[in-house]
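In: My questions concern the predicted model and sequence given below.
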Amino acid sequence: MVMENVMGLKYSSFAIRGIDVSQFNGTIDWTKVSANFSGIRVGYGRTIDTKFKENWLNSKGKVNRIPYWYMDYYSNHTSGATVNGMADADWGKEQAETCWANLKNDPDGSVFLDIENGHPSYSPAISTVSVRAQAIAKAFLERMDELSSKRNGIYCSLGLLNWFNAWFKDRPLWVAWYNENQTPQTVLSSVATNGWLGKCLIWQYASDGDMDDDGAGDGVAMGMAYKTLDLNAWLGTSAQYTELFGKEVQQVALYRIKILIYNLTVRTGPGVLYPRLRRADFPGEYNIYEEKNGFGRISDIKSEWLSLSPDYVQKITTPTPPPAELTDAEKLARLWAAHPELH
């Protein structure tokens, strides 16, 4: 999804982070991608994204994958198109079947239907053909639900939420809204105000790839061929994440730091007013999983933070690789560590 944006948010400020990609990101080096999840475009109409198979295969095991399909709501009403004259419901159903044919042998997550305006050179504004566009969308989602045995979602801009009729509004939502003044809480509030009843799981907050708010795109550093990159934040709960992907969230480190002083305090939250827990190990190194207020979270399961002042820590570029899938015993040990009230 391509939209103009000017942002003031940092990718590192979100505990669960993601990207979304298509052929327009070029050849991707997935070993450089730092994300919990990635949306991957399957295709549109009767066309498969030229990078889909490569991205779907190479990203497996490195991120949790979310397939999305760009809805063609115009070709069956376009003179000269091979599907011109096809009934709207049949066109939606065919797109779902084309999408699923490319996913069924290696499915992951739920499918999100990307609904947005096509370019005016080949399509009318979606608001001028609402009846037919919604008929195509409904047929796609009904057929995809049947094929995948899941309840699939919608991926669209905040401004389009009022366009949908009631049939759609209880579906999982991936919302695009580029506004530097927003927070996850205000996004959820705005989605609800616009009458959406389903779970808003993902917020696409930027498309320029500027991860650290320095005015430059960081797509190349994230393994893309170009600087631009769609950036996303997870807005759902950990339980909803597990429900979508069938696995628990695996925390992804942003980078690693080296402790430079003896008495650096580890606190329960990102700021000097939070209670002290202990001194950081010195000499010592830690992964950083999240940044907030100049502090970094050093634990993947507990709220343990320390100052990221360059006077106290030195950034090491390469983080420790993500852990392998946990055994039941390891999951129990982590639960025990994260919840001392159970002791």
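Out: That came in fine, so what should we check first? Numbering: from 1, shown residues only.
In: Helices of the protein, residue ranges please.
Out: Per DSSP state H, the chain has helices spanning 52-59, 88-101, 130-148, 184-193, 238-245, 328-338. These are given in chain order.
In: Distance to residue 296, mean pLDDT and mean neighbour count for those helices - can I get that in TSV?
Out: Where C-beta positions appear, they are placed from N, C-alpha and C, glycine not excepted. Rendered in TSV, the data for the helices of the chain read as follows (distance: least, C-beta to C-beta, whole Å; pLDDT from 0 to 100; neighbours: other C-beta atoms under 10 Å):
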stretch	distance to residue 296	mean pLDDT	mean neighbour count
helix 52-59	26	98	17
helix 88-101	40	98	21
helix 130-148	38	98	20
helix 184-193	19	97	15
helix 238-245	20	92	15
helix 328-338	18	49	11
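In: Determine which of those helices approaches residue 262 most closely.
Out: Each of those has some distance to residue 262 by C-beta to C-beta; the shortest is helix 328-338, at 25.5 Å.
In: Now do residue 68: how many residues are near it, please.
Out: 27 (other C-beta atoms under 10 Å).
In: hang on, it packs against residue 110?
Out: No - because the distance of 9.8 Å does not satisfy C-beta atoms under 8 Å, residue 68 is recorded as not touching residue 110.
In: for this structure, what helix or strand is lowest in average pLDDT?
Out: helix 328-338 (a mean of 49; mean pLDDT, DSSP states H and E).
In: Give me the nearest residue to residue 28, chain neighbours excluded.
Out: Using C-beta to C-beta, 6 or more residues apart in numbering and skipping the chain neighbours, the partner closest in space to residue 28 is residue 223 (5.1 Å).
In: To what extent is residue 163 buried, counted in neighbours?
Out: The number of residues packed near residue 163 is 16, by other C-beta under 10 Å.
In: right, I mislabeled it, should have said residue 226
Out: As a burial measure, the neighbour count of residue 226 was computed by other C-beta under 10 Å and equals 12.
In: same question, residue 268
Out: As a burial measure, the neighbour count of residue 268 was computed by other C-beta under 10 Å and equals 13.
In: from what I can see it touches residue 299, true?
Out: No - the pair formed by residue 268 and residue 299 falls short of the contact definition of C-beta under 8 Å, at 10.7 Å.
In: Give me the residue ranges of this protein where confidence is low.
Out: Low-confidence segments of the chain (pLDDT under 70): 1-7, 318-343.
In: is residue 70 in a bridge, and if so with what?
Out: With DSSP bridges applied, the residues forming beta bridges to residue 70 are residue 44, residue 114.
In: residue contacts, it?
Out: Residues near residue 70 by C-beta atoms under 8 Å, 6 or more residues apart in numbering: 41, 43-44, 114, 116.
In: And those, which is closest to residue 50?
Out: Residue 50 has its nearest neighbour among the contacts of residue 70 in residue 43, at 9.1 Å by C-beta to C-beta.
In: ok, now how distant is the residue nearest to residue 28 from residue 18?
Out: According to C-beta to C-beta, to the nearest Å, residue 223 and residue 18 sit 14 Å apart.
In: Over to residue 76?
Out: Relative to residue 18, and taking C-beta to C-beta, residue 76 is found at 32 Å.
In: and what of residue 294?
Out: The span separating residue 294 from residue 18 equals 24 Å under the rule C-beta to C-beta.
In: Looking at residue 223 and residue 18, which has the bigger crowd around it?
Out: More neighbours sit around residue 18 than around the other of residue 223 and residue 18, counting by other C-beta under 10 Å; the figures are 25 against 22.
In: hey, what's the more buried one bridged with?
Out: With DSSP bridges as the rule, residue 18 is bridged to residue 37, residue 232.
In: Enumerate every residue touching it.
Out: If you count contacts by C-beta under 8 Å, 6+ apart, then residue 18 has 35-39, 63, 66, 202, 231-234 around it.
In: do that again at 6 Å, thanks
Out: Listed by C-beta atoms under 6 Å, 6 or more residues apart in numbering, the contact partners of residue 18 are 35-38, 232.
In: For those residues, work out which two are farthest apart.
Out: Considering C-beta to C-beta, no two members of the contacts of residue 18 lie farther apart than 36 and 232, which are separated by 9.6 Å.
In: Quick check: the residue of the chain most remote from its centre vs residue 282, distance?
Out: Computed with C-alpha atoms, centre = their mean, the maximum C-alpha offset from the centroid of the chain is found at residue 262, amounting to 38.2 Å. When distance is defined by C-beta to C-beta, residue 262 is 5 Å away from residue 282.
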